[in-house]
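# no FASTA, just this:
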């Protein structure tokens, strides 16, 4: 009895999971964004005896350190290089009211100790929004008062779209009492055009980012879509033309050049705009914009809850995963 070998269908290049780098990059970014939503991992990974040691090496590229002293040291070095600084103490999604209020004290210390030209940034969910809007507003008011007393800006960071309404509500409430409290908007969100209409009449800087969170397409443009860059540029030009205080927070060289061109490729010391990059990701961008005379700022983060932040930074550009492997093995 003879047996006929089964026919073997050769794999075509287009079918190989290793031939489409774009698809793999997109999938890797989605996985990282999903990991960044896992609040349990923000405790488990840093404390794991094996993973924690490796992850710390990766985090060092993006995080100033775990203490305010670490952030102060880094801020001084950045200022010496001619750039402004924004400092954030990481700890989003704090679900314990007592702890959220205790964490507020760190921001009060930052408002008191940071050198001139440094702003204080924060996630409202770090200081109570994950518990209630009322708690977030009470703690944010304390920080707003402290930053006003020391003559520095306070910037509210972006969070997932499910919190955007609450974030903007707290921001509006603060703007009734203070004129130095800014807020972050995400170019990816479909709602941002309408949100900007409500923000432009208010005081405080509007910080524009692309948006790094895992969001459904009904809510946001896919991060990898070319439409994100188009939306970002449109919002940036709208902000620039409005004369409103604003920050263009991006590492995208093409966007930086196009915004620079829109501004006339010549900045000024008293400009209402500034160009901002995150720690470890764009010092060359800041130097280039500074050479054109634009105000520049580097965004510094510190704290022990760095895992979710690092996941989002890696997800923004999957090539950073390769760098993370190098850093972990160093």
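Arrived safely. These numbers were taken from a predicted model, which means no experiment stands behind them. Residues are numbered from 1 along each chain as shown.

# Now do the SS call for the closest residue to residue 133 other than its chain neighbours.
Closest residue in space to residue 133, ignoring its immediate chain neighbours: residue 166 at 5.4 Å, by CB to CB, 6 or more residues apart in numbering. For the C-beta atoms, the positions are set from N, CA and C on the backbone; glycine is no exception. Local secondary structure at residue 166 is given as helix here, using DSSP: H, G, I helix; E, B strand; the rest coil.

# list the buried ones in stretch 115-134?
For stretch 115-134, burial by neighbour count (16 or more other CB atoms under 10 Å) applies to 117-131, 133.

# how far away is residue 248 from residue 297?
To residue 297, residue 248 is 10 Å away according to CB to CB, to the nearest Å.

# What of residue 308?
The gap separating residue 308 from residue 297 is 23 Å, by CB to CB.

# more neighbours, the two?
Legend: neighbour count by other CB atoms under 10 Å for residue 308 and residue 297, higher for residue 297 (25 against 21).

# Tell me the spacing between the nearest residue to the more buried one once chain neighbours are set aside and residue 314.
Excluding the flanking residues, the one nearest residue 297 by CB to CB, 6+ apart is residue 84, at 4.0 Å. For residue 84, the distance to residue 314 (CB to CB) stands at 26 Å.

# quick one, which of the two is more surrounded?
The residue with more neighbours, out of residue 84 and residue 314, is residue 314; 26 against 21, by other CB under 10 Å.

# That one - that's part of a helix, no?
Yes. Judged by three-state DSSP, residue 314 forms part of a helix.

# ok, and residue 61, which helix or strand is that part of?
Under the assignment given by DSSP states H and E, residue 61 is not contained in any helix or strand.

# Nearest residue to it in space, please, no chain neighbours.
Closest residue to residue 61 apart from its sequence neighbours, by CB to CB, 6+ apart: residue 280 at 4.5 Å.

# so how many other residues sit close to that neighbour?
With other CB under 10 Å as criterion, residue 280 counts 19.

# okay but it is in contact with residue 64, surely?
No. The pair residue 280 / residue 64 is not scored as a contact, 9.2 Å apart, by CB atoms under 8 Å.

# circling back to that earlier point, the residue nearest to residue 297 and residue 47, how far apart?
Distance from residue 84 to residue 47, counting by CB to CB: 34 Å.

# What of residue 182?
Here the criterion is CB to CB. By it, residue 182 lies 34 Å from residue 47.

# What is the neighbour count of residue 149?
Residue 149 has 10 nearby residues by other CB under 10 Å.

# can you check residue 66 too?
The number of residues near residue 66, taken as other CB under 10 Å, comes to 17.

# Report the secondary structure state of residue 152.
Residue 152 is classified as coil under three-state DSSP.

# helix/strand/coil for the closest residue to it other than its chain neighbours?
Nearest residue to residue 152, sequence neighbours excluded (CB to CB, 6+ apart): residue 119, at 5.5 Å. Following three-state DSSP, we place residue 119 in the strand state.

# give me every residue that touches residue 119.
Residue 119 makes contact with 84-87, 147, 152-155, 297, according to CB atoms under 8 Å, 6 or more residues apart in numbering.

# hmm, try it at 6 Å
86, 152-153, 155 (CB atoms under 6 Å, 6 or more residues apart in numbering).

# Compare the residues you listed and tell me which has the most neighbours.
residue 86 (31 neighbours).

# What helices and strands are in contact with the helix or strand harbouring that one?
Here residue 86, judged by DSSP H and E, is contained in strand 84-89. When contacts are defined as 3 or more CB pairs under 6 Å, 6 or more residues apart in numbering; DSSP states H and E, strand 84-89 packs onto helix 68-80, strand 118-122, strand 296-302.

# Mean pLDDT added to the ones you listed, as a markdown table?
Listed next are the helices and strands packed on strand 84-89 as a markdown table, based on pLDDT from 0 to 100:
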| stretch | mean pLDDT |
| --- | --- |
| helix 68-80 | 96 |
| strand 118-122 | 98 |
| strand 296-302 | 97 |
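
# which residues are in contact with the strand holding residue 86?
71, 75, 78, 106, 110, 114, 117-119, 121, 297-301, 303.

# Let me know the closest of these to residue 53.
Lowest distance from residue 53 to these (CB to CB) belongs to residue 303, with 18.2 Å.

# How many residues are close by the closest one?
Residue 303: 21 surrounding residues under other CB under 10 Å.

# swap in the one 10 residues further on?
Counted by other CB under 10 Å, the residues lying close to residue 313 total 25.

# what's the distance between it and residue 235?
22 Å.

# Same check on residue 127?
Computed as CB to CB, the residue 127 to residue 235 distance reads 27 Å.

# same check, this time on residue 42
30 Å.

# Past the helix or strand containing residue 23, which element shows up next along the chain?
Assigned by DSSP H and E, residue 23 falls within helix 21-36. Next helix or strand after helix 21-36 toward the C-terminus (DSSP H and E): helix 41-47.

# Same list, the helices and strands packed on strand 84-89, but as CSV with distance to residue 60 please.
Output for the helices and strands packed on strand 84-89, formatted as CSV (distance: least, CB to CB, whole Å):
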stretch, distance to residue 60
helix 68-80, 11
strand 118-122, 20
strand 296-302, 12
